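Peer 1: The following block contains a protein sequence and its predicted model.
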Amino acid sequence: MKYWLGVVSEEHVKKGVSEGFAQVCHGKKTPLTRLKKNDWLIYYSPKKTMSGTEISKLFTAIGEVKDDNVFQFEMSTDFKPFRRFITYHKSSPLPLELVKSELDLTKDKNWGYKLRFGLIELTEKDFNILRRGLLEKT
């Protein structure tokens, strides 16, 4: 079992949670193939919306990968992103600042650069800190 962090706007996370899917890296297939059934996915949302400037800096959702299938979804004739089915758990947003000093993820000076990849593996320690913070308020 592995633990993953997807970097997605808050608006897009809410859509994925409401419909039970995950989408990362603007709908690319390859990152999603790294996730396996029963892996965990946590979302971090640096912004409220993809094209907006309003900052969020929240961990916004947590869920488990349902199966090993990556599928394509037609949003429009010219945009067909790839997705994964996720079983999301009821959670409350967790501000980065509340856990930043505890995470392995944020230890490096340039830790934010890693987020540009859109999907990164978390340590088990970081996953447990984030899971506790996301789920304890619900």
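Peer 2: Here it is on my side, so go on. Numbering: from 1, shown residues only.
Peer 1: Do you know the pLDDT at Lys137?
Peer 2: In this prediction, Lys137 carries a pLDDT score of 66.
Peer 1: can you check Glu124 too?
Peer 2: At Glu124, pLDDT is 98.
Peer 1: Repeat that for Gln23.
Peer 2: On the pLDDT scale, Gln23 is placed at 95.
Peer 1: what helices or strands is the strand of greatest length in the chain leaning on?
Peer 2: Determined from DSSP state E, the single longest strand within the chain is strand 55-65. Strand 55-65 sits against helix 10-19, strand 40-47, strand 82-88, strand 94-95, helix 96-99, helix 124-135, with contacts defined as 3 or more Cβ pairs under 8 Å, 6 or more residues apart in numbering; DSSP states H and E. Backbone N, C-alpha and C define where each C-beta goes, glycine included.
Peer 1: Other residues contacting that strand?
Peer 2: With Cβ atoms under 8 Å, 6 or more residues apart in numbering as the test, strand 55-65 has contacts from 9-10, 13-14, 16-17, 22, 35-48, 84-89, 91, 93-97, 99, 130-131, 133-135.
Peer 1: Can you dump the C-alpha atoms of it in CSV for me?
Peer 2: Backbone C-alpha positions of strand 55-65 (Å, rounded to 0.1, in the frame of the first residue of the first chain) are rendered in CSV as follows:
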residue,chain,number,x,y,z
ILE,A,55,-5.0,31.1,-2.1
SER,A,56,-6.3,28.0,-0.3
LYS,A,57,-3.3,26.1,1.2
LEU,A,58,-5.5,23.3,2.5
PHE,A,59,-5.5,19.6,2.5
THR,A,60,-9.0,19.1,1.2
ALA,A,61,-9.9,15.4,0.8
ILE,A,62,-8.9,11.8,1.6
GLY,A,63,-9.9,8.5,0.0
GLU,A,64,-8.9,5.0,-1.0
VAL,A,65,-8.4,3.8,-4.6
